[in-house]
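K.L.:
coords please:
(2 chains)
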Number of protein chains: 2
Amino acid sequence: MLKRYFPILTWLPHYHRGLFSADLLAGLIVTVMVIPQSLAYALLAGLPAVVGLYASILPQLFYTLMGTSRTLAVGPVAIIALMTGAALSAVAEPGSAMYLEAALVLSLLSGLILVGMGIARMGFFSNFLSHPVISGFLTASGILIAASQLGSLLGIQSSGFTLVERVVTLAPNLMSINVFTVVIGVGTLLFLVGMRRFGKRAFAKIGVPAGLADLLTKAGPVFAVIVTTIVCWHWDLASQGVAVVGDVPGGLPAFSFPLSDITLWKALFIPALLISLVGFVESVSMGQMLAAKRRQRISPNQELVGLGAANLAAGVTSGMPVTGGLSRTVINFDAGAQTPAAGAFTALGIALVTLAFTGWLFYLPIATLSATITVSILTLVDIPMLLQTWRYSRSDFAAMALTIVLTLVEGVEAGIIGGVTLSLALFLYRTSRPHSALVGRVPDTEHFRNIQRHDVQAPKSAALLRIDESLYFANARYLEDTVYNLVASRPEIEHVVLICSAVNLIDASALESLDAINARLKDSNVKLHLSEVKGPVMDRLKQSDFLDALTGRVFLSTYTAWREFY
Amino acid sequence: MLKRYFPILTWLPHYHRGLFSADLLAGLIVTVMVIPQSLAYALLAGLPAVVGLYASILPQLFYTLMGTSRTLAVGPVAIIALMTGAALSAVAEPGSAMYLEAALVLSLLSGLILVGMGIARMGFFSNFLSHPVISGFLTASGILIAASQLGSLLGIQSSGFTLVERVVTLAPNLMSINVFTVVIGVGTLLFLVGMRRFGKRAFAKIGVPAGLADLLTKAGPVFAVIVTTIVCWHWDLASQGVAVVGDVPGGLPAFSFPLSDITLWKALFIPALLISLVGFVESVSMGQMLAAKRRQRISPNQELVGLGAANLAAGVTSGMPVTGGLSRTVINFDAGAQTPAAGAFTALGIALVTLAFTGWLFYLPIATLSATITVSILTLVDIPMLLQTWRYSRSDFAAMALTIVLTLVEGVEAGIIGGVTLSLALFLYRTSRPHSALVGRVPDTEHFRNIQRHDVQAPKSAALLRIDESLYFANARYLEDTVYNLVASRPEIEHVVLICSAVNLIDASALESLDAINARLKDSNVKLHLSEVKGPVMDRLKQSDFLDALTGRVFLSTYTAWREFY
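P.N.:
Predicted structure coming up:
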């Protein structure tokens, strides 16, 4: 029991020196790498930059205790930061004390929801976020985040959480662009894009070994941060209008517990739920992928508990909602992290920075952070996926397109809720009008196929009707229509065999319809038979009176039925 | 086209004298029978009694023009009246001018929704009201309506639209019971119950022919109305505190068009939608049942248009929402109605009553009307159905029970919405954790069955896994888990054959999962095969890259796969 909720108990007893040195190295590398993005994501959420650091300390430590992934690194991430900003600015003015307090409430709520779902083993709930909805949401969020950074890159103001708001608030200020900011922002942007595209090859050319080249390429943002901070400090660009991070309070975050009134908690519940689900899906799919690479497994339900604990920790240490971050986790994995201890070392590293080195961040230009966000976020925008989905399935595409449009136009919450609702509605609509086929025997086999697609042997006096769906209330009447139309259009039919190989459920409404079909066919002297009824379905039917009233038989296989009537 | 929207054009040209006399007789009988219930249902909805008559004139005529059922009789019905009262008292004070206006807006909205759904051919929408939800709703409504009549039967006041409200408002007045009212009310109640139970047999005993005996039994309410009205008039019981219908304005309803502000329309939209759906389901299932008895067919989508036109007519002639009523339709059918012309004769008959004979209704005691409602409504309460559903399916029972409890405690709208939501959620939950089975060959056949339920031949190095559900986003990850666990628990497996006989759909999320499964099994040197992929599913897969990457084969039948590996 204790081991289930504290997976650290399974690996810590076997911890040894080899693991320690690997984890320590990975922890140090991640510390250096994630400082810029932690600051940047806090700003994206409309919070002070230092909150990003706070959210990378205690939350990561709690995940180390309770998470099941060996390599997941927990902290602020771009999508969650965007959603956090949207949720908070709906209830408070950015920059106000209320806004900071709401951030803590949001983290706590998110933590409670995740822990609750984990204990109730409701991880499956996140499965309702379909792949097209998630990938549409990531694409739209990427565009939104990029748009949100445009202002900082140009040194002008913009605000809002939809594309329209961004453009409308940006446009009037376009004349007051700050040249120094543009040089720093766009310069960093071009440098980072160049590093991503050519870095590895360039380092390889000058003889750097592959592993180190990879690491140096990934350190691009760190390099940019150092250079632009020095530039900004040396020429005192802050006095020329270049926005900098400025005074960051030193010291560890104070413990706090936000005892806000109940209305704030209520207002933030739905956003917290969506943040929890999106964060969990992001984190757990990445965790599963990486675990698979090393033949390890993670437990989705315990991941809920681990991520929930991390968010609770964020909520009491001046933080913001967190989850497993893509870039920080990949860095951790590639840097050779072996156990969650690497995460603990990162947390200690960042705590050290917060304690002693925040002064160094004073001259760091905001534009540099914006450039790093923009470059990392644009990898989320996946246009080929749109085309691929369109080609494969129009209804999946519809869900994806609606998610994108709603996210851009109405905001992140509307996007997710709209996308999920449409996916479910389309699935229900599809199951409410099931595909069915008259089948016949493929000659010399016991296999049955659609008479319209294959050259098969079909009996004359009997219709073998395969229903390609579970029978439930939404399609019960449709089934009645299908059978009645079949019998009406072919007066020579004396037997109807419903092939139930694809029927995984017959609910009470469908049972009612089957009763009605049986009675009406009886009036027309047509017998109703069933074949290939699955075990669980048959168990159920035996609980009802249907089998007594059935005019025909229940055949074990369609072949037996076919032999009877052919 | 014209014939599709005006089915009268298909039967009127063939109309002849024989049909005319049958329809006229049925029309007259229905006229007499439905006057008491029309008055009663208007009172149930909190409207003046005469509104019930108005709602039986023009709406019925419009249905005659546009409906497809030969025998459906349209007018106010109990359930819809209950829902109407609940909806109206949420937006206006009963008895106020606003309340009357809201009734018209509700009818118009309901008409627009029905016509709109009919033109868009969205009749399937009503299929989402599952059988357990409807039957639970009818049971709870029956109890609610009976409770609502208790006050009138005892001559005291009660109000509200939940059971608790009724009891709370009734209790304090229990001491001021009016004895004359109780005698009339309870007397009528006992008389009607007696007629229902023993009427037919009693008439048969004294030599009345069966058809007439049936009719006389059904005329019980008419008889009660006449007798109690005379009693009340002769002894002037109204002055003794017996509530009577009182002054009913004579003459036909005036045309009106309620140009209320948009907020009222908005507030009534959801109630109107639910009233439309419930009314449509009630009406169409009765229409289908009766049509089947005479080998006729009705068109659900045109029924929407016909019922919608009837409600629009109600909305402009001082009426209330209407639909096909169970008792009036059964009387019409049993009285031998042959075409919708019978309905037109009923409408003319009621118009005549409204023009000339409303004075006769002055002394009609409200308690008599309450007794007729109570007796007819209690047939809706179906307790055996509850037990039967419990026995057949726990999840259907859960939906039914929730509908009943919510309807009684929170009101009619909460009941329906809660029931439908739970049915859908349970269905989605079930499909998100599909049943699957390892199967083997039934010896000497080409038929495959669960290895745990049957004595079958299963190959050693291959797992034949039958997935009993369409593969879509909600169960995609569950499928991955199932396959990974299978392979992990049986290291001797070299081939996994997914039997897709029950897979009616593979959506983009599931395709992604299949890709992942294929790749991961490849890493473990296990090949993935498919068998019995259905035509439409295969067509889709061919649009993707999955089949190129697939490590194994696609077998036409499971038998071919089995021969390969056994």
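K.L.:
only C-alpha atoms for contact and neighbour calcs from this point on.
P.N.:
Fine.
K.L.:
against residue A:564, how distant is the residue of chain A found nearest chain B?
P.N.:
Per CA to the nearest CA, residue A:502 is where chain A lies closest to chain B, at 3.8 Å. For residue A:502, the distance to residue A:564 equals 22 Å [CA to CA, to the nearest Å].
K.L.:
those two: who's more crowded?
P.N.:
residue A:502 (24 against 10; other CA atoms under 10 Å in any protein chain shown).
K.L.:
if we can go back for a sec, sec struct for the residue of chain A closest to chain B, please.
P.N.:
With DSSP: H, G, I helix; E, B strand; the rest coil as the basis, residue A:502 sits in coil.
K.L.:
got the angle for the strand or helix carrying residue A:430 vs helix B:412-432?
P.N.:
According to DSSP states H and E, residue A:430 maps onto helix A:412-432. Computed with axes from the mean of the first three to the mean of the last three CA atoms, to 10 degrees, the direction of helix A:412-432 lies at 80 degrees from that of helix B:412-432.
K.L.:
ok, residues contacting whichever helix or strand comes after helix A:412-432?
P.N.:
As assigned by DSSP H and E, the chain's next helix or strand after helix A:412-432 is strand A:436-441. Contact partners of strand A:436-441, identified using CA atoms under 8 Å, 6 or more residues apart in numbering or on different chains, comprise A:447-452, A:456-459, A:463-468, A:559, A:562.
K.L.:
CA atoms only: put strand A:436-441 into CSV for me.
P.N.:
Output in CSV follows, covering the C-alpha atoms of strand A:436-441 (Å, rounded to 0.1, in the frame of the first residue of the first chain):
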residue,chain,number,x,y,z
SER,A,436,-25.3,-3.5,-41.5
ALA,A,437,-24.8,-6.0,-44.3
LEU,A,438,-26.5,-9.0,-45.8
VAL,A,439,-23.9,-11.7,-46.0
GLY,A,440,-23.4,-15.0,-47.7
ARG,A,441,-20.9,-17.8,-47.5
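K.L.:
run the chain-centre distance for stretch A:504-518.
P.N.:
For stretch A:504-518, the separation from the chain centroid amounts to 37 Å (computed by CA atoms, centre = their mean, to the nearest Å).
K.L.:
ok, residues contacting it?
P.N.:
A:469-473, A:475-477, A:479-480, A:483-484, A:527-528, A:534, A:536-537, A:546, A:549-551, B:130-132, B:389, B:392-393, B:396, B:435, B:468-469, B:502.
K.L.:
ok, stretch A:137-150 next?
P.N.:
Here stretch A:137-150 has contacts from A:44, A:79, A:82, A:158-159, A:161-163, A:166, A:370-371, A:373-374, A:377-383, A:400, A:403-405, A:407-408, A:412, A:415-416, using CA under 8 Å, 6+ apart.
K.L.:
who are the packing partners of the helix holding residue A:430?
P.N.:
Here helix A:412-432 touches helix A:78-89, helix A:131-154, helix A:269-293, helix A:394-410, helix A:473-489, going by 3 or more CA pairs under 8 Å, 6 or more residues apart in numbering or on different chains; DSSP states H and E.
K.L.:
would you mind getting the angle between the first one and helix A:412-432?
P.N.:
Using the same axes, to 10 degrees, one finds that helix A:78-89 and helix A:412-432 are set 110 degrees apart in direction.
K.L.:
packing partners for helix A:78-89?
P.N.:
helix A:17-44, helix A:97-119, helix A:131-154, helix A:269-293, helix A:412-432.
K.L.:
swap the cut-off to 10 Å and go again
P.N.:
Secondary-structure packing of helix A:78-89 (3 or more CA pairs under 10 Å, 6 or more residues apart in numbering or on different chains; DSSP states H and E): helix A:17-44, helix A:97-119, helix A:131-154, helix A:269-293, helix A:366-377, helix A:412-432.
K.L.:
the fourth one vs helix A:412-432, what angle?
P.N.:
Interaxial angle of helix A:269-293 relative to helix A:412-432 (the same axes, to 10 degrees): 70 degrees.
K.L.:
same question for the first one.
P.N.:
With the same axes, to 10 degrees defining the directions, helix A:17-44 sits at 100 degrees from helix A:412-432.
K.L.:
what helices and strands are in contact with helix A:17-44?
P.N.:
helix A:49-54, strand A:74-75, helix A:78-89, helix A:131-154, helix A:220-234, helix A:326-334, helix A:341-356, helix A:366-377.
K.L.:
which of the ones you listed is buried the deepest?
P.N.:
Most buried of the helices and strands packed on helix A:17-44, by mean neighbour count (mean count of other CA atoms under 10 Å in any protein chain shown): strand A:74-75, with a mean of 32.
K.L.:
that one pairs with which strands?
P.N.:
strand A:323-324 (antiparallel) (DSSP bridges).
K.L.:
state the mean pLDDT of the strand it pairs with.
P.N.:
Averaging pLDDT along strand A:323-324 gives 93.
K.L.:
thinking again about what came up before, compare the helices and strands packed on helix A:78-89 and give me the one nearest residue A:214.
P.N.:
helix A:17-44 (12.6 Å; CA to CA).
K.L.:
what comes up buried for the closest one?
P.N.:
A:19-20, A:22-44 (16 or more other CA atoms under 10 Å in any protein chain shown).
K.L.:
so it versus helix A:326-334, what angle?
P.N.:
Using the same axes, to 10 degrees: helix A:17-44 against helix A:326-334 is 170 degrees.
K.L.:
can you tell me which of the contacts of stretch A:504-518 are buried?
P.N.:
Here, 16+ other CA under 10 Å leaves A:469-473, A:475-477, A:479-480, A:483, A:527-528, A:534, A:550-551, B:130-132, B:389, B:392-393, B:396, B:468-469, B:502 buried among the contacts of stretch A:504-518.
K.L.:
excluding sequence neighbours, find me the nearest residue to residue A:49.
P.N.:
residue A:39 (4.5 Å; CA to CA, 6 or more residues apart in numbering or on different chains).
K.L.:
quick one, what contacts that neighbour?
P.N.:
A:47-55, A:76, A:245, A:361, A:366, A:369 (CA atoms under 10 Å, 6 or more residues apart in numbering or on different chains).
K.L.:
what do you get for residue A:234?
P.N.:
A:228, A:363.
K.L.:
what is the neighbour count of residue A:511?
P.N.:
For residue A:511, using other CA under 10 Å, the count is 21.
K.L.:
tell me the spacing between it and residue A:365.
P.N.:
Applying CA to CA to residue A:511 and residue A:365 gives a distance of 69 Å.
K.L.:
what of residue A:486?
P.N.:
Residue A:486 is 73 Å from residue A:365, by CA to CA.
K.L.:
the more surrounded of these two?
P.N.:
Neighbour count, other CA under 10 Å: between residue A:486 and residue A:365, residue A:365 has more, with 28 against 16.
K.L.:
bridging across strands, which residues link to that one?
P.N.:
residue A:244.
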